[in-house]
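Q: 3D model of this:
(one chain, ligands or ions: 1)
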Amino acid sequence: MSTDLPKILPLVPLYDKVLLPSIVTKIVLDGNEAKSLLRKLENNDHTFIFCTPYGKTDNDNNLGPGGNLCQIGCVANVLDVDTSISYNTVFLVQGVCRAQIQDIHGQDLNEDALFDSTVEPLWASMDDAEYGLWAKVIRQLCVDFIGKMQMIGVASSVLSPFQKRLNQLDDQQQTATTSSPPSMQLMDLAHFLLCMTEASFNEKWAVLILTDASGILHEIQTIVTRHMQVLHESKQMQQRSEEKLDRKRREFYLRQQLHVINPSGYTEKVSLSNLSVLSSLSPPSTAVALSKSSSHSEPSTNATTNNGVLRSPKQDEDDGCLFMPMHDDDDDLTGLKNQLNKACLPSHIQSTIKRDLQRLSKIPGSAPESVLIRTYLEWIADLPWKSPSSSSLSRPVVEISAAKQQLDADHFGLDQAKRRILEYLSVLKVKKDNAASPILCFVGPPGVGKTTLGISIAKALQRNFHRIALGGVRDEAEIRGHRRTYVGALPGLVINGLKKCGVNNPLFLLDEIDKLVQGTHQGDPAAALLEVLDPAQNNAFTDHFLNVPFDLSNVLFIATANSVDTIPGPLLDRMEIIQLDGYTVDEKMDIARSYLIPKQLQAHGFSSASTTKNSVDGVVITDDILFQLIENYTFESGVRSLDRIIAGVCRYKCREYADHLESNHHQHTSTTKYDPVVRCEDLAVILGMAIHGNESLADSVDTPGIVTGLAYSQSGCGGILPIEANQMPGHGRLKLTGSLGDVIKESAQIAVSWVKANAYALKLTTTQRQILLPDMDLHLHIPNGAVPKDGPSAGIAMAVCIISLLSGKAVPRTTAMTGEITLRGQVRPVGGIKEKVLSAHRAGVTKVILPAVNERDMVQDVPDKVKHALAVVYCRTMWEVLDAAFEEKLIQDSEAFHCQAGHSSRL
Ligand SMILES: Nc1ncnc2c1ncn2[C@@H]1O[C@H](COP(=O)(O)OP(=O)(O)OP(=O)(O)O)[C@@H](O)[C@H]1O
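A: Predicted structure coming up:
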């Protein structure tokens with residue numbers, strides 16, 4: 001065979017493996033290399049190739065670019081070629097003998113990806129004495145190796161080819177009849193042994209480049225022995241840690257049994273030596289033996305389960321112990337089972353949880369799925385399936401008088417809201433059931449006490465309070481949780497809240513329900529809330545993460561919103577709206593006097609009792625100062641900014657008082673005097689220049705083309721909306737600016753159309769047929785351009801503004817108006833009247849023009865003091881609006897227009 005080997009062979013560099021003689025392996029080549037080798041094999045009259053490793057090693061006998069190609073490789077015979085895999089070709093080859101490269105025939109790489117090489121075979125030989133010695137060594141090594149492999153549980157099918165080779169060697173030694181010399185057989189077996197260990201690329205490379213037979217076998221012996229040693233040590237380490245774990249488990253198991261026999265602490269008295277004696281017994285028999293021998297145990301009331309764990313029947317009944325700790329459970333699993341037993345799970349989910357526990361006990365603790373199941377079960381165990389005080393004590397008796405006291409103690413005014421809340425609580429008290437009561441929703445501008453009302457109700461009902469912020473929630477999964485298949489899945493806000501509260505009957509405040517984001521591709525959070533809020537469905541609310549129903553019917557839900565407009569319809573349908581309006585100046589003064597100032601004084605270390613003018617160490621904020629704070633430093637419907645400003649004043653006074661105390665302390669005499677009274681001139685120092693003091697409309701100049709409108713923002717605040725109009729040469733176009741939405745733009749177009757249609761009646765044109773502004777552009781602008789504006793309520797103000805511009809007559813700036821205009825000049829009602837009127841009053845408006853239908857809102861909602869301070873004109877048509885706005889009859893014969901509310905009155 002040796003002489004038959006061809007000299008010139010295709011050179012195949014091996015990048016990740018080393019081929020040794022007699023070893024069969026697969027070589028995967030792609031693209032040009034594969035094509036090139038196939039072509040060469042076709043052209044040659046043999047199937048031999050030369051494989052040599054290519055890579056970085058410390059060996060100095062390398063060739064090729066960078067010296068990375070090993071000079072000594074292995075001649076191989078191609079046994080099979082598999083071209084069925086696209087892009088790759090697999091060559092099944094068997095190593096024949098070592099060979100050394102004599103020459104490499106360079107080929108153009110573009111044409112042919114593989115080189116040819118002239119090689120000289122290297123046949124390692126040994127004499128009989130050497131052979132006899134090495135045959136014994138290698139044989140023993142093989143036997144040891146097979147023994148080790150069997151010990152660590154390697155399947156016999158894996159070891160059988162190896163065993164076969166070993167037997168062949170034995171046979172050959174006995175019969176001495178074989179085709180290849182015995183030394184070669186021995187070398188082949190040694191190579192095979194090396195490949196059976198986890199020898200590295202470099203280790204195999206080191207064996208390949210050796211040419212002397214004894215050297216090769218010696219190197220292989222060293223490598224294999226080293227690997228077996230490592231295997232042995234790791235096995236020993238594993239055994240040691242398993243033994244340790246077993247001991248711990250057994251100890252724990254015995255302690256558990258002792259605890260069952262005598263829960264009153266007998267275990268504490270059992271010494272460790274006792275435990276070690278007990279641990280020699282098998283667990284079940286130990287349990288029985290202990291139950292009989294212990295004088296503390298009560299054998300008559302105990303029962304042995306099929307696991308051998310003793311349970312008191314009463315205990316089973318009381319704590320619903322369903323998940324028995326098993327003797328092979330680890331500490332964590334037993335702890336988890338105990339937690340689940342304490343959680344009193346409802347019967348319909350017990351089977352699901354049992355299944356998960358079984359799965360958990362079968363999976364190794366380090367497996368990722370184990371972590372997932374454990375997290376899930378921990379969540380289940382932490383949830384308040386049954387309130388600790390459930391049944392008789394679950395629902396504290398609602399004292400309506402106490403609830404009223406609580407509401408009054410926390411909030412000034414809000415009479416209507418308080419009345420409705422007390423009615424609601426009365427129904428709860430009488431009916432003893434949340435289920436049928438509607439969900440209350442407090443709607444109003446920021447800072448009017450919606451959230452704090454929720455807290456007061458929780459206090460009155462003695463329930464835990466939890467706030468769920470819904471502002472910006474865009475994903476259904478935030479409400480209902482993620483399915484467990486997602487990485488990092490967790491339950492939603494509702495289940496999370498219940499876990500935090502620890503009881504199943506808390507009060508949940510769904511804050512900012514109007515700020516839910518809808519229409520995203522992540523599902524509809526509002527739809528998920530429907531199930532939560534619907535009393536008919538929420539007794540079986542299923543969070544995606546839990547995947548088992550949870551009864552929410554004991555939870556009391558209260559929602560808050562700034563505006564009902566953006567609350568999704570179906571949600572709105574399930575709620576009862578309680579409107580909280582903005583406060584008047586007087587109301588704010590009262591709130592500040594009775595609630596905010598005492599609260600801030602207390603928060604800053606001043607006793608609230610010391611707020612009298614005679615007090616030495618308090619802070620005195622007189623009504624004058626309070627009025628200035630409200631008028632000049634805040635501009636809001638609620639009292640949140642006022643609260644902040646009062647805190648600022650208190651801080652300042654606190655600093656003054658601290659300085660005063662310090663200087664007295666150093667000088668031991670009372671030289672500096674602390675003045676508790678906040679003075680007018682102090683305000684500029686404490687809070688800076690007044691923000692709104694100079695902005696009164698009363699000081700503004702009346703100008704044609706500027707009109708005061710009234711606005712109501714999304715956040716529920718009212719405000720002044722100045723509207724400006726101007727004209728310039730052009731083509732009769734209308735230009736609108738000021739971040740206007742579609743609805744307000746349409747309103748402007750209607751206003752312009754109405755003015756154009758009635759231009760002759762309005763004396764803006766001289767003939768009926770004359771076109772208004774044929775060569776002029778009209779520009780309407782609503783300042784504060786960064787703030788988006790929308791809605792139809794500026795309709796009449798825009799129409800008046802255009803008429804004012806074109807007629808040259810100014811409307812007093814202290815006259816404000818709001819109302820929707822129709823194309824035929826009707827004035828339709830609008831929302832937010834109370835906030836608009838209050839803000840108009842704050843801004844110095846003296847006359848308000850409103851739609852006639854809104855008279856009801858004005859009478860019901862606006863405080864008398866404000867009503868009396870304002871001249872209010874209710875209008876049905878634009879003609880009435882114009883009369884009120886211009887304070888003169890703009891059109892002498894306007895009565896005719898009033899009657900017909902049309903543009904053809906002159907006809
Ligand atoms: N009628 C009131 N009496 C006493 N304090 C009040 C009253 N109204 C509001 N407050 C106080 O105003 C502050 C703000 O109230 P709260 O946070 O409840 O406002 P909110 O209406 O929930 O606002 P938002 O819509 O911004 O959440 C609280 O400190 C609250 O005590």
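
Q: just give the nearest non-adjacent residue to the residue in the stretch 501-650 of the chain positioned nearest to the ligand, would you?
A: Residue of the stretch 501-650 of the chain nearest the ligand, by Cβ to the nearest ligand atom: residue 595 (3.9 Å). In short, each C-beta sits where N, CA and C put it, glycine included. The shortest distance from residue 595 to any non-neighbouring residue, by Cβ to Cβ, 6 or more residues apart in numbering, is to residue 412 (5.9 Å).

Q: secondary structure class for the one you found?
A: For residue 412, the secondary structure call by DSSP: H, G, I helix; E, B strand; the rest coil comes out as coil.

Q: what's the answer for residue 848, then?
A: Taking three-state DSSP, the label given to residue 848 is strand.

Q: from residue 736, how far out is the closest residue to residue 878 other than its chain neighbours?
A: The shortest distance from residue 878 to any non-neighbouring residue, by Cβ to Cβ, 6+ apart, is to residue 825 (4.0 Å). Distance of residue 825 to residue 736, computed by Cβ to Cβ, to the nearest Å: 20 Å.

Q: the ligand contacts on this structure?
A: Counting by Cβ under 6 Å from any ligand atom, the chain comes close to the ligand at 411-414, 446-452, 560, 562, 591, 595, 638-640, 643.

Q: for the residue in the chain that the ligand sits nearest to, what are its contacts?
A: Going by Cβ to the nearest ligand atom, the ligand is nearest to residue 449 of the chain, at 2.9 Å. By Cβ atoms under 8 Å, 6 or more residues apart in numbering, residue 449 lies in contact with 411, 414, 580, 638-639.

Q: now do the buried residues in the top strand by length along the chain.
A: In the chain, assigned by DSSP state E, the strand with the most residues is strand 88-105. For strand 88-105, the buried set under the neighbour-count rule, 16 or more other Cβ atoms under 10 Å, comprises 89-91, 93, 95-101.

Q: any idea of the mean pLDDT in that strand?
A: In this model, strand 88-105 has a mean pLDDT of 89.

Q: name every strand pairing with it and say which way it goes.
A: strand 24-30 (antiparallel), strand 72-82 (antiparallel), strand 115-122 (antiparallel) (DSSP bridges).

Q: which of the ones you listed sits closest to residue 501?
A: With Cβ to Cβ as the measure, strand 24-30 is the member of those nearest residue 501 (61.1 Å).

Q: next SSE downstream of the closest one?
A: Remark: after strand 24-30, the chain's next helix or strand is helix 31-43, criterion DSSP states H and E.

Q: how distant is that next one from the center of its chain?
A: Computed by Cα atoms, centre = their mean, to the nearest Å, the separation of helix 31-43 from the middle of its chain amounts to 57 Å.

Q: now it and strand 115-122, what's the angle there?
A: 60 degrees (axes from the mean of the first three to the mean of the last three Cα atoms, to 10 degrees).

Q: strand partners of the helix or strand following helix 31-43, parallel vs antiparallel please.
A: Using DSSP H and E, the helix or strand that directly follows helix 31-43 along the chain is strand 48-53. Counting by DSSP bridges, the strands paired with strand 48-53 are strand 8-14 (parallel), strand 72-82 (antiparallel).

Q: quick one: the longest helix seen in the chain to strand 88-105, angle?
A: Taking DSSP state H as the criterion, the chain has its longest helix at helix 213-261. Here helix 213-261 runs at an angle of 150 degrees relative to strand 88-105 (the same axes, to 10 degrees).

Q: the residue most central in space within the chain is in what secondary structure piece?
A: When Cα atoms, centre = their mean is applied to the chain, the residue found nearest the centroid is residue 478 (6.9 Å). Using DSSP H and E, residue 478 maps to helix 476-480.

Q: could you pull out the helices in the stretch 601-750 of the chain for me?
A: When assigned using DSSP state H, counting those that start in this stretch, the helices of the stretch 601-750 of the chain occupy the ranges 623-633, 640-667, 680-687, 742-757.

Q: residue 352 is nearest to which of the ones you listed?
A: The closest approach between residue 352 and any of the helices of the stretch 601-750 of the chain, judged by Cβ to Cβ, belongs to helix 640-667 at 46.7 Å.

Q: helix 623-633 and the closest one, what's the angle between them?
A: Going by the same axes, to 10 degrees, helix 640-667 makes 120 degrees with helix 623-633.

Q: flag every buried residue along helix 640-667.
A: 640-643, 645-646, 648-650, 652-654, 656-657, 660.

Q: ok now the longest strand of the chain, how far from the chain's centre?
A: That offset, for strand 88-105, works out to 58 Å (Cα atoms, centre = their mean).

Q: ok, residue 75 to residue 6 distance?
A: 9 Å.

Q: so what sits against both of these two?
A: What both residue 75 and residue 6 touch, as defined by Cβ under 8 Å, 6+ apart, is the set residue 48.

Q: compare these two and say which is more crowded by neighbours.
A: residue 75 (23 against 13; other Cβ atoms under 10 Å).

Q: from memory that one sits against residue 96, does it?
A: Yes: using Cβ atoms under 8 Å, residue 75 makes contact with residue 96 at a distance of 4.6 Å.

Q: touching both of these two, which residues are there?
A: In contact with both residue 75 and residue 96: 5, 48, using Cβ under 8 Å, 6+ apart.

Q: what's the span of stretch 848-857, first residue to last?
A: In stretch 848-857, first residue to last residue: 14 Å (Cα to Cα, to the nearest Å).

Q: ok, back up a step: please identify the deepest-packed of the strands paired with strand 48-53.
A: Mean neighbour count (mean count of other Cβ atoms under 10 Å) peaks for strand 8-14 among those, with a mean of 21.

Q: now that one: average pLDDT?
A: Strand 8-14 carries an average pLDDT of 90.

Q: same question for stretch 372-384.
A: Across stretch 372-384, the average pLDDT comes to 85.

Q: that one: which residues count as buried?
A: Across stretch 372-384, burial judged by 16+ other Cβ under 10 Å covers 372-374, 376-377, 379-381, 383-384.

Q: alpha carbons of that stretch, as PDB, please.
A: Written as PDB, here are the backbone C-alpha positions of stretch 372-384 (Å, rounded to 0.1, in the frame of the first residue of the first chain):
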ATOM      1  CA  LEU A 372     -40.100  31.100  34.700                       C
ATOM      2  CA  ILE A 373     -42.300  28.600  36.500                       C
ATOM      3  CA  ARG A 374     -40.900  29.600  39.900                       C
ATOM      4  CA  THR A 375     -41.600  33.300  39.200                       C
ATOM      5  CA  TYR A 376     -45.100  32.400  38.100                       C
ATOM      6  CA  LEU A 377     -45.800  30.400  41.200                       C
ATOM      7  CA  GLU A 378     -44.300  33.100  43.500                       C
ATOM      8  CA  TRP A 379     -46.700  35.600  41.900                       C
ATOM      9  CA  ILE A 380     -49.600  33.200  42.500                       C
ATOM     10  CA  ALA A 381     -48.500  32.700  46.100                       C
ATOM     11  CA  ASP A 382     -48.200  36.400  46.700                       C
ATOM     12  CA  LEU A 383     -51.700  37.300  45.600                       C
ATOM     13  CA  PRO A 384     -54.400  37.900  48.100                       C
END
